[in-house]
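Peer 1: Based on what follows, work out the 3D shape:
(chains A and B)
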Amino acid sequence: MSDKHGEEDKKAKMHLKANDLLCVNGCGFYGTPQWENRCSKCWRAHQNEMKKCQDFAKNRSLLSFDQFQERRKSTTESKSRGIKNLFKTSPIPEGGTSSPTSTSPASTPTRRRELSPDSLEARQQFTDFLVANLSTGMAQEIARSVKNAVNKISEMRMSSDDMSELVMSYYQYLGERIGGHSLFDSPDCKVKVEDVMDQVEKYISTFCYSIFFCANHEEEVADMSLQDRIRSLHWVTAGFLETKMVFKKQTVRDKIDEAISELIEINAKRSAFEKLDCLTKSCKAIFEALKESEASTSADEFLPTLIYVLFRGNPPLIQSNVKFISRFAIPARLMSGEAAYFFTNLSCALEFARNMNHESLQMEKSEFEAYTSGHLAPPLSVINSACNQAIYVLEGTIETITNVAKKAGSLAKNLTNMHGKSDDDLEKMLAVIKETVDFYPTDEYMNMKQSIFAEEKETADILVSLSRQSSESGRGTLTDTQPSTPQPDTSLESPLIAEIQAINLTSSGNQEHVEEA
Amino acid sequence: MLETNVDQKSFKFKIVLLGEGCVGKSSLVLRFVENKFSCKHLSTIQASFQNKTVNVEDCQADLHIWDTAGQEKYHALGPIYYRGSNGVLLVFDITDRKSFEKVKNWVLEIKTCLGNTAEILIVGNKIDLEEERQVTRQDAEAYAESEGALYMETSAQDNVGISDAFESLTAKMIEHSRTRSTEPPSTNRSIRLIDNDEAERSKKCCR
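Peer 2: Numbers count the residues shown, from 1 in each chain, chains lettered A, B, ... in the order given. I've put the predicted structure just below:
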């Protein structure tokens, strides 16, 4: 018994020493494993230390956030400073004394990183316009007010309609404030209040475009839905809109294509003014097409054609663009004027597209649905239909080839005539040369003439001697009488010989000259 | 305020032409603005939108004249055109009773949408075709009077009564503009964009 107990005691001592049970801090008390071998007192102290460390880390992160805010403030200040410097470097002298503030070199890269190219360009134009046309004080005031408004807009989070109301109120406020200034009453002023407001509108709409345009997901869905609808209604362009377009004419087709391009281009512009400008160009191309078709340019013809162009082009995000223009354009721009009229017609065309049904086209409902679903193909209209455009192009090509063939025949004929004329001209030229040479003989020609004359003379002498020999041998009695007669014969022969020689010289000279020619 | 209105000498008005197709709306505008009438002119001069400055009662008015598509299928688009207009000119063909009935529909619709904000002038066109007349002058005048509108008869072909029609409508619009001048309501929201500006200005003063 006592031995067994002694063995167990020995084992316990070997595995668990007394020190192992004590607190790790060596305070003398016993610790617990759940407290990391610390006594209750030391454990509490340990927990406090841990908490302090965590608090320190949190404070450090807060300090980092403060530094971030500091950086943002300095960026804003440098931007503001940059704008002011633009004015101070302007050629217009300031009334009061001012010291130019030096801009830090880091500010420019910072601004460029933040602003899009369009915004940079818009700001440059805005600044140039103000500096060139207004006094320094007024320019600075307007620039500051507009910049402040843009910053406010960027910070706000509200619906598009509320934002629209806000921007409209600002336009009105700024317009009245500028209009009340006596500067615009003086004849020296080169611009009007409307011109300044145009620049303000362009600046604001370009800078805040990402906020203003298609901010709502629902609007994008509506645009996609309308695009799908127009695509399914494409068959309407096959003559059901009853336009007076004469699509056989190439100029008419070109103008319609131009109108479609300008309508699609609207989405690529940022300011309301530029969007309306694209729309105006599109509508004017439509009027050109109507003129080429010799149709009336009244609204009875214009609206159907605009609807046709809308269906043919099916421009992207067209509803969002229309909403953008109506929300953020200067109100006066949409209430009167040519652009306003065109904009209203576009709104009408979109409304018509959204609500189109069988009654709109005065046809059977089943027929309308069959065309829309694609079960039925629309019939080709003989007179007026763009679906026949390929056929028209082919006809145009055939006509072109026919014209080319005719011109080729005409060319061949002209070539033949040219050859004939060429030969005649050659003959005439030779005759003229001969006449001229005879009238104005050259030295070479005279020498040649003399040599020919000498040769002819020798030939004549030879002939004379030959004739004498033949007469002597032929007739004995006549030989005696012959010597007395030669002398008068010579006098008679000399003019004959001269004449013969002259004729020979003329003909031989001509021949040689022709050979030379 | 009233004194300012009485002294006002320059106006800008938007006039919308409504009526069935082929009653002569475009010819009417073309005759008034360009003093031209022929099919050829209609196809060479843009007739949908026209500007004209007239002098009425010692005042100058810039008229923006909007033509509209008169086909039945586009009837529902009318409100988009005449919204915000100062005057509405309703045209019918005296040789076509149906076009006069359509004018009546337009009158009811415009009164519903615009109330009394727009002046209405009813025009009976094509009086050069008197022998084919289907709508008597008495009937048209009585209807216009009952609706508080003006009535005029014109001929675009013979250039009869057109200037009178537009000038009468302009005079009515001028009178209307003077009687009821609406002050632009000040919106509280605009303060949110301008407030900081005022604060900056005050800061500047403090500096």
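
Peer 1: SS state for B:Val23?
Peer 2: State at B:Val23, reduced to three classes by DSSP: H, G, I helix; E, B strand; the rest coil: coil.

Peer 1: nearest spatial neighbour of it, skipping sequence neighbours?
Peer 2: Closest residue to B:Val23 apart from its sequence neighbours, by Cβ to Cβ, 6 or more residues apart in numbering or on different chains: B:Asp93 at 4.3 Å. In this view, the C-beta of every residue, glycine as well, is placed from N, C-alpha and C.

Peer 1: Tell me the bridge partners for the one you found.
Peer 2: Counting by DSSP bridges, B:Asp93 is bridged to B:Asn125.

Peer 1: so the residue of the stretch 1-150 of chain A found nearest chain B is in which element?
Peer 2: Minimum separation of the stretch 1-150 of chain A from chain B (Cβ to the nearest Cβ) falls at A:Ala149, amounting to 4.8 Å. Secondary structure assignment for A:Ala149, by DSSP states H and E: helix A:136-155.

Peer 1: May I have that helix as PDB, with CA atoms only?
Peer 2: The C-alpha coordinates for helix A:136-155 follow below in PDB (Å, rounded to 0.1, in the frame of the first residue of the first chain):
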ATOM      1  CA  THR A 136     -12.900  91.400 -65.500                       C
ATOM      2  CA  GLY A 137     -15.100  91.900 -62.400                       C
ATOM      3  CA  MET A 138     -18.300  90.600 -64.100                       C
ATOM      4  CA  ALA A 139     -16.400  87.700 -65.600                       C
ATOM      5  CA  GLN A 140     -15.100  86.600 -62.300                       C
ATOM      6  CA  GLU A 141     -18.400  87.000 -60.600                       C
ATOM      7  CA  ILE A 142     -20.200  84.900 -63.200                       C
ATOM      8  CA  ALA A 143     -17.400  82.300 -63.300                       C
ATOM      9  CA  ARG A 144     -17.500  81.900 -59.500                       C
ATOM     10  CA  SER A 145     -21.300  81.700 -59.400                       C
ATOM     11  CA  VAL A 146     -21.400  79.100 -62.100                       C
ATOM     12  CA  LYS A 147     -18.600  77.000 -60.700                       C
ATOM     13  CA  ASN A 148     -20.300  77.100 -57.300                       C
ATOM     14  CA  ALA A 149     -23.500  75.900 -58.800                       C
ATOM     15  CA  VAL A 150     -21.800  73.100 -60.600                       C
ATOM     16  CA  ASN A 151     -20.100  72.000 -57.400                       C
ATOM     17  CA  LYS A 152     -23.500  72.100 -55.600                       C
ATOM     18  CA  ILE A 153     -25.100  70.000 -58.300                       C
ATOM     19  CA  SER A 154     -22.300  67.400 -58.000                       C
ATOM     20  CA  GLU A 155     -22.900  67.100 -54.300                       C
END
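
Peer 1: Give me the helices and strands touching that helix, please.
Peer 2: helix A:40-88, helix A:117-133, helix A:160-179, helix A:193-207, helix B:189-206 (3 or more Cβ pairs under 8 Å, 6 or more residues apart in numbering or on different chains; DSSP states H and E).

Peer 1: and with 10 Å instead?
Peer 2: helix A:40-88, helix A:117-133, helix A:160-179, helix A:193-207, helix A:209-212, helix B:189-206 (3 or more Cβ pairs under 10 Å, 6 or more residues apart in numbering or on different chains; DSSP states H and E).

Peer 1: If I average pLDDT within each of these, which one is lowest?
Peer 2: For the helices and strands packed on helix A:136-155, mean pLDDT drops lowest on helix B:189-206, to a mean of 46.

Peer 1: circling back: residues touching the residue nearest to B:Val23, list them.
Peer 2: B:19-20, B:22-24, B:99-100, B:103, B:124-126, B:129, B:132-135 (Cβ atoms under 10 Å, 6 or more residues apart in numbering or on different chains).

Peer 1: Is there a quick PyMOL command that grabs whichever of these are buried?
Peer 2: To isolate the buried members of these in PyMOL, using 16 or more other Cβ atoms under 10 Å in any protein chain shown:
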select buried, chain B and resi 19+20+23+24+99+100+103+124+125+126+135
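
Peer 1: can you tell me which of the contacts of B:Asp93 lies nearest to A:Ser336?
Peer 2: Nearest to A:Ser336 among these, counting by Cβ to Cβ, is B:Gly19 at 21.5 Å.

Peer 1: can you list the domain ranges for chain A.
Peer 2: Following the TED database, one finds the domains of chain A at A:33-62, A:117-212, A:222-385, A:388-459.

Peer 1: how many neighbours does the residue of the stretch 201-350 of chain A found nearest chain B have?
Peer 2: For the stretch 201-350 of chain A and chain B, the shortest gap (Cβ to the nearest Cβ) falls at A:Ser298, measuring 3.4 Å. By other Cβ atoms under 10 Å in any protein chain shown, 27 other residues sit near A:Ser298.

Peer 1: same thing with the one 4 residues further on?
Peer 2: One way to gauge burial is a neighbour count; for A:Phe302, by other Cβ under 10 Å, it gives 28.

Peer 1: ditto for A:Asp254
Peer 2: Around A:Asp254 there are 14 residues (other Cβ under 10 Å).

Peer 1: go on, A:Glu455?
Peer 2: By other Cβ under 10 Å, neighbour count at A:Glu455 equals 13.

Peer 1: Next one: it from A:Arg468, what distance?
Peer 2: 21 Å (Cβ to Cβ, to the nearest Å).

Peer 1: Can you classify B:Ile122 by secondary structure?
Peer 2: The three-state label given to B:Ile122 by three-state DSSP is strand.

Peer 1: Identify the residues contacting it.
Peer 2: B:19, B:88-92, B:100, B:103-104, B:106-107, B:140-141, B:143-144, B:147, B:149-153, B:165.

Peer 1: Repeat the analysis, applying 6 Å as the threshold.
Peer 2: B:90, B:144, B:149, B:151 (Cβ atoms under 6 Å, 6 or more residues apart in numbering or on different chains).

Peer 1: Is the last one in a helix, a strand, or coil?
Peer 2: Three-state assignment for B:Tyr151 (three-state DSSP): strand.

Peer 1: Surely it and B:Ala142 touch.
Peer 2: No. Applying Cβ atoms under 6 Å, one finds B:Tyr151 not in contact with B:Ala142, separated by 9.0 Å.

Peer 1: And the pLDDT for residue 102?
Peer 2: Chain wasn't specified; assuming chain A. 36.

Peer 1: um, chain B though
Peer 2: 82.

Peer 1: same question, A:Asp188
Peer 2: 64.

Peer 1: try the one 3 residues further on
Peer 2: Model confidence at A:Val191, expressed as pLDDT, equals 73.

Peer 1: Return the residues in contact with it.
Peer 2: A:Asn133.

Peer 1: Make sure it is indeed in a strand.
Peer 2: No. Counting by three-state DSSP, A:Val191 is located in no strand; its state is coil.

Peer 1: What number of residues are in the vicinity of B:Gln60?
Peer 2: The burial count for B:Gln60: 12, using other Cβ under 10 Å.

Peer 1: Thought B:Ser10 was touching it, still the case?
Peer 2: Yes. B:Gln60 is in contact with B:Ser10 according to Cβ under 6 Å; the separation is 5.3 Å.

Peer 1: That's all I had, so thanks and see you.
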